[in-house]
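In: Sequence and predicted structure are below.
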Amino acid sequence: MTTRTLLLSSALCAASLHFAAGTALAQDCTVTVGMVMELTGPAGQYGQAGAKSVDMAFRDLNEAGGVNGCKLATETRDSQSQGNVAVDQATQLVNVQKVPVLIGGIISSVSIPILTSVTASAGVPQVSPASSSPTLTELAREGKTNGVFFRTITSDALQGTAAAKYAMDQGLDKLAIVHVNNDFGVNMMREFQKAYESLGGKITSVTPYNEKQASYTSEATAAMEGEPEGLYLISYPVDGATIARAWISQGGPATFLLNDGMNSTDFIEAVGARYLDNAYGTSSGTSPTKSSQYFYDNYEAFSGGIKPDAPAADRSYDAGAIVGLAIAKAGKAEPAAIKAAIPEVVDPKGETVFAGPEEFKKALALIKEGKPIRYEGVIGPVNFDQYGDITGPFRLWKITDGAVVTTGEMSADDVTALKDQLGQ
């Protein structure tokens, strides 16, 4: 090999734009993936867990040999849970650093502006672990996403229906709603309201709130109009705890229905476990696989103490694994090739592979042989539809003695059947 060839190979690897598979230098190159996560702000707890999960998935892929001989790495930026900050960070990653794929954000009010302002126009694939707004589906239907958006969480259109049925089953048939005034909160409220009222429930009031206020006494007072028997709180742990305390201190009944993000030890500790023994919630569920066991056995040690059931942790690992496998499948770190490869690594006709270094070795060997694979992740097997959406079950839970306890599951088929029943 000539000196000129060696220098060219080194340059390509350093730029992380192409693979130098088969050369002596290939093992030294790096493919850098952009990551915009909510490391601080109201959704900081989710983003911290999610970022660690992606890093763990990349660690496991690197231990399995890397993608075509190159190591995977992340360039992680903090959105501060704000859409405008997220757009600035994503612009730097996509337009300046030229990352070939981006993971994030966690919340929809971060992921949507990244998509509409940065990734869609650039043609760079974006994979969100936890943005559940139905608006993302609508954008895809309208042809505004350029086909680059994927998510490893089910849409709130489904979760709102599941929450309504769970509420009625628990006898929560007269509720007030307080919701965060952003895309996520508004859509979750609307989907829940349609299903809940169709099932015979009564909503006494709907009160939006703006984030990061020192006090929510006025919102809690407004929500008590109509004498509700409980509160459906659509929020995040920090603001949610402040609202719940205001509700209780104003004399509101300590009966709550909570969204998936409120499955949080921080929320429980801030409110006080003794006030939450009649609190129920829904989350995107999982269909346990070998990946689930691997993740639950290893994540806490890797993350430095974050629990494996932290919101967004499990599906963030899957987002990282799918992105890494897609880069290997694409054979080159180019956006269009990665976009095409993302659905292919969860091919229902492929050979099943799971999480962890040993399983990733198997997956990478199959990819090298040109064989199809089906990654069955921590949240279970998923397929992406034409809009980048997945279907999956919902976990039903209750807070008991300060701990979140699973009470049951509603399958995707159950939710679909319920929506058909309600004519939605």
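Out: Thanks, I have the structure now.

In: Hmm, residue 265 and residue 241 touching each other?
Out: No - proximity of residue 241 to residue 265 does not meet the contact threshold set by C-beta atoms under 8 Å, at 11.2 Å. Using the backbone N, CA and C atoms, a C-beta is placed for each residue, glycine as well.

In: So if I had to pick from the two, which one is more boxed in?
Out: More neighbours surround residue 241 than the other of residue 241 and residue 265, with 21 against 16 (other C-beta atoms under 10 Å).

In: so which strand or helix has that one?
Out: Residue 241 belongs to helix 237-249 when elements are defined using DSSP states H and E.

In: list the buried ones in stretch 304-312?
Out: If you call a residue buried by 16 or more other C-beta atoms under 10 Å, then stretch 304-312 has these buried ones: 306, 308-312.

In: Redo those residues as CSV? Include secondary structure, distance to residue 328 and pLDDT.
Out: CSV is the format used below for these (DSSP: H, G, I helix; E, B strand; the rest coil; distance: C-beta to C-beta, whole Å; pLDDT from 0 to 100):
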residue, secondary structure, distance to residue 328, pLDDT
306, coil, 27, 96
308, coil, 25, 95
309, coil, 29, 90
310, coil, 28, 91
311, coil, 29, 87
312, coil, 24, 94
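
In: and of those residues, the nearest to residue 75?
Out: For these, the closest approach to residue 75 (C-beta to C-beta) belongs to residue 312, at 19.4 Å.

In: Please give me every residue in contact with the closest one.
Out: Residues in contact with residue 312 (C-beta atoms under 8 Å, 6 or more residues apart in numbering) are 46-47, 49-50, 53, 106, 129-130.

In: can you do 6 Å?
Out: Contacts for residue 312 were tallied using C-beta atoms under 6 Å, 6 or more residues apart in numbering; they are 46, 49-50, 106, 129-130.

In: quick one: it from residue 341, how far?
Out: 24 Å (C-beta to C-beta, to the nearest Å).

In: Please apply the same query to residue 136.
Out: 21 Å.

In: List the neighbouring strands of whichever strand or helix holds residue 127 plus their orientation.
Out: Using DSSP H and E, residue 127 sits within strand 126-128. Applying DSSP bridges to the sheet, strand 126-128 is found paired with strand 102-104 (parallel), strand 149-151 (parallel).

In: would you turn those into JSON lines with mean neighbour count and mean pLDDT?
Out: Putting the strands paired with strand 126-128 into JSON lines (neighbours: other C-beta atoms under 10 Å; pLDDT from 0 to 100) gives the following:
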{"stretch": "strand 102-104", "mean neighbour count": "31", "mean pLDDT": "98"}
{"stretch": "strand 149-151", "mean neighbour count": "27", "mean pLDDT": "98"}
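
In: is it possible to export the buried residues of stretch 304-312 to JSON lines including distance to residue 380?
Out: Formatted as JSON lines, the buried residues of stretch 304-312 follow (distance: C-beta to C-beta, whole Å):
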{"residue": "306", "distance to residue 380": "21"}
{"residue": "308", "distance to residue 380": "15"}
{"residue": "309", "distance to residue 380": "15"}
{"residue": "310", "distance to residue 380": "18"}
{"residue": "311", "distance to residue 380": "17"}
{"residue": "312", "distance to residue 380": "16"}
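
In: from those, which is closest to residue 400?
Out: Lowest distance from residue 400 to these (C-beta to C-beta) belongs to residue 309, with 14.8 Å.

In: show me what contacts that closest one?
Out: The contact partners of residue 309, by C-beta under 6 Å, 6+ apart, come to none.

In: Repeat that for residue 246.
Out: Residues counted as contacts of residue 246 (C-beta under 6 Å, 6+ apart) are 216-217, 220.

In: would TSV of these with neighbour count be doable?
Out: Formatted as TSV, the contacts of residue 246 follow (neighbours: other C-beta atoms under 10 Å):
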residue	neighbour count
216	24
217	16
220	25
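
In: Three-state assignment for the most centrally placed residue in the chain, please.
Out: Here the mean C-alpha position of the chain is nearest to the C-alpha of residue 130 (C-alpha atoms, centre = their mean), at a distance of 1.6 Å. What DSSP: H, G, I helix; E, B strand; the rest coil gives for residue 130 is coil.

In: Same question for residue 177.
Out: Using three-state DSSP, the structure places residue 177 in strand.

In: what sits against it?
Out: Residue 177 sits next to 189, 206, 232 when contact means C-beta under 6 Å, 6+ apart.

In: can you rerun that using 8 Å?
Out: The contact partners of residue 177, taken as C-beta under 8 Å, 6+ apart, are 189, 192-193, 203, 205-207, 223, 231-232, 234.

In: who touches the helix or strand that contains residue 280?
Out: If you go by DSSP H and E, residue 280 is part of strand 279-284. Residues outside strand 279-284 that contact it (C-beta under 8 Å, 6+ apart): 132, 153-154, 159, 162-163, 166-167, 170, 172, 254-260, 262-263, 311, 315, 379, 392-399, 404, 407, 410.
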